[in-house]
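A.B. asks: sequence below, structure please.
(one chain, ligands or ions: 1)
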Amino acid sequence: MIATQSAESEPTVMIVPSVLPADFSRLGAECERLTEAGVDRIQWDVMDGNFVPNLTFGPDVIAACRPYTSLLFEAHLMIDRPEETLGRYVDAGCELIIIHAESTRHLHRTLTKVTELGAKAALALNPSTPAVVVESVLDLLDMVLVMTVNPGFGGQAYISTMEPKISAIREMINNSGRTIDLEVDGGISNRTVSGAASAGANVLVAGSWLFSHTGGLKSATDELRKLANEARRRVQ
Ligand code: DX5
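C.D. replies: Take a look at the predicted model:
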């Protein structure tokens, strides 16, 4: 389990910014700004232009930003054949590695490699990938990520039809007896966060709404966390 406050036993959610909307010309300073805003972790959206139709950054950029904050870095690997390079993201300082079920031929072996390298392992599911995929590797996981957009870009609309899948995975986690985080990523805002949290998410990733909030990053983070905690309390 990742050293987090969040567990099913207490409605304390985590707010995790995606750096996709950040100022790419000053990512180190942006990590400092996010830390000061009180976010819980930082997500690096790694895209290779093949698994998703967009290209972002690799391990060297993440490593350059590592000294700017002590927050946990999670690498969301939206890349083909992640088994070939995931070790470089661990070496770059990412404590949590997120593998897409659709990106690797041998998912169980790839997730096992993550933990063998000393990192925490997470499984990401695209919108069309069913929850049942989680069952056979649940024992390997520290987190499950349910995508509520089709990956590749920020600023897309939240896909609310993913909420039953979120609930089904929350039930799997609760029945497992293990403390596994359930993260939701894509279109999270003040209007959608309650639906995701009520369905079972305890970790919320936000990009465009967070960075465009007129009150600034701290106000945005506090607002999302408050709404999500209230939603979790209502269902527990
Ligand atoms: C999409 C990324 C998301 C995205 C979130 O592929 O994985 O993390 O950046 O951005 P918003 O919050 O704008 O949907």
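A.B. asks: could you pull up the contacting residues of the residue in the chain positioned nearest to the ligand?
C.D. replies: Nearest to the ligand in the chain, going by CB to the nearest ligand atom, is G207, at a distance of 2.8 Å. The way it works is simple: take the backbone N, C-alpha and C, and place the C-beta from them, glycine included. Going by CB atoms under 8 Å, 6 or more residues apart in numbering, G207 touches 17-21, 45, 154-155.
A.B. asks: now the helices for the protein?
C.D. replies: Remark: helices assigned in the chain by DSSP state H are 27-36, 59-65, 86-91, 107-116, 132-135, 163-176, 193-199, 208-212, 217-235.
A.B. asks: got the buried residues for the fourth one?
C.D. replies: Which is helix 107-116. Within helix 107-116, the residues that count as buried by 16 or more other CB atoms under 10 Å are 107, 110-111, 113-114.
A.B. asks: which elements pack onto it?
C.D. replies: helix 86-91, strand 96-100, strand 120-125 (3 or more CB pairs under 8 Å, 6 or more residues apart in numbering; DSSP states H and E).
A.B. asks: packed most tightly, which of those would that be?
C.D. replies: strand 96-100 (a mean of 26; mean count of other CB atoms under 10 Å).
A.B. asks: mind exporting it as PDB, just the C-alpha atoms?
C.D. replies: What follows is strand 96-100, C-alpha atoms only, in PDB (Å, rounded to 0.1, in the frame of the first residue of the first chain):
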ATOM      1  CA  LEU A  96       4.300   4.700  -8.100                       C
ATOM      2  CA  ILE A  97       4.200   3.300 -11.700                       C
ATOM      3  CA  ILE A  98       0.800   3.100 -13.500                       C
ATOM      4  CA  ILE A  99       0.600   0.500 -16.200                       C
ATOM      5  CA  HIS A 100      -2.300   0.400 -18.700                       C
END
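A.B. asks: ok, residues contacting it?
C.D. replies: Defining contact as CB under 8 Å, 6+ apart, one finds that strand 96-100 is touched by 2, 41, 51, 72-78, 82, 86, 89-90, 107, 110-111, 114, 119-126, 142-143, 145, 151.
A.B. asks: which residues touch Y158?
C.D. replies: Going by CB under 8 Å, 6+ apart, Y158 touches 148-149, 186-189, 192, 195-196.
A.B. asks: from these, which two are the most distant?
C.D. replies: Spatial extent of the contacts of Y158 (CB to CB) is set by the pair V149 and G195 at 13.9 Å.
A.B. asks: what residues does the protein have near the ligand?
C.D. replies: Residues of the chain found near the ligand, taking CB under 6 Å from any ligand atom as the criterion, are 18, 20, 45, 76, 149, 151-156, 185-188, 205-209.
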